[in-house]
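>>> can't give you the sequence, but here's the structure:
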Ligand SMILES: Nc1ncnc2c1ncn2[C@@H]1O[C@H](COP(=O)(O)OP(=O)(O)OP(=O)(O)O)[C@@H](O)[C@H]1O
Ligand SMILES: [Mg+2]
């Protein structure tokens, strides 16, 4: 059984079918890439998996349970987290506060008990801070824990977004364009962090990304979509040489020209 089974997933916005009869598996422990031209439906697929959008039809099964149509907080609680396209964080807060907010959003108001003092609450806050530091170590930001998020370079801010997602203790992590807008050094650092999450934490990753070199070097398998439909599924090598994939990207370039 796959960790996540996507079956005939379809999303229509009025007359536009953004995702169309999409079927694929995400296997435990793999890094799966989803690629496709601008507007192909990649972010919409993530919105459907996370519950921010409800599918028009089709099913999503996570760890053997039907999660189709569940609200976002219930899906997060089951172990799916998402890193958004662009830097979605708390810019004026410190790095560690960003991670703590991520934890509170996940565990709900009860973790805010420390605000009201008390011995038990202080112990709990200490445990949360320790876990937040572990997460920052994992993403290589432990030394910047007390710096203001917006003062760090773009590459580091992407790592903060990753840490916020990790604060929900996910089994499956969805990353929307994790290396877009980064310089070569920042790309290499992010790719190494993502590999480490799989290697050391046994995490399963789905990555949407336009940087082909990064996708090809990182992913075990790739699903290619165009106009919401799957046009190819295979290894990076199979994907690169697939005529439908080449045509979809050349077509996209023609549109731009
Ligand atoms: N909430 C929405 N309402 C209406 N149309 C939408 C909505 N979200 C996405 N779309 C449309 O659905 C299609 C797929 O968009 P989506 O954002 O999923 O593409 P994408 O593959 O992530 O593109 P990009 O690579 O540019 O990020 C686009 O035509 C987009 O305009
Ligand atoms: Mg997108």
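Okay, I see it. Just so it is clear, the model here is predicted, and its values are computed rather than measured. Numbering: from 1, shown residues only. Ligands and ions are numbered 1, 2, ... in the order given.
>>> can you pull the residues of the stretch 1-150 of the chain lying near ligand 1?
Residues of the stretch 1-150 of the chain found near ligand 1 (C-beta under 6 Å from any ligand atom) are 13, 16, 18, 36, 38, 39, 40, 41, 42, 43, 44, 85. Where you see a C-beta, it was placed from the backbone N, CA and C, and this is true even at glycine.
>>> who's the second one bridged to?
Meaning residue 16. Beta-bridge pairing for residue 16 (DSSP bridges): residue 13.
>>> regarding this structure, what is its longest helix?
Among the segments of the chain that qualify as a helix by DSSP state H, the longest is helix 119-138.
>>> quick one: list the elements packing against it.
helix 95-107, helix 154-166, helix 184-201 (3 or more C-beta pairs under 8 Å, 6 or more residues apart in numbering; DSSP states H and E).
>>> if you set the cut-off to 7 Å instead, what comes out?
helix 95-107, helix 154-166 (3 or more C-beta pairs under 7 Å, 6 or more residues apart in numbering; DSSP states H and E).
>>> tell me the most buried of those helices?
Of all those, helix 154-166 has the most neighbours on average by mean count of other C-beta atoms under 10 Å, namely a mean of 23.
>>> surely residue 150 and residue 91 touch.
Yes - contact criterion C-beta atoms under 7 Å: residue 150 and residue 91 qualify, at 3.7 Å.
>>> about what we covered before: the longest helix of the chain vs helix 184-201, what angle?
120 degrees (axes from the mean of the first three to the mean of the last three C-alpha atoms, to 10 degrees).
>>> point out where the stretch 101-250 of the chain drops to low pLDDT.
Low-confidence segments of the stretch 101-250 of the chain (pLDDT under 70): 106-117.
>>> repeat that for 80
Across the stretch 101-250 of the chain, the ranges flagged by pLDDT under 80 are 105-121, 250.
>>> which of the residues of the stretch 1-150 of the chain next to ligand 1 fall in strands?
13, 16, 18 (DSSP state E).
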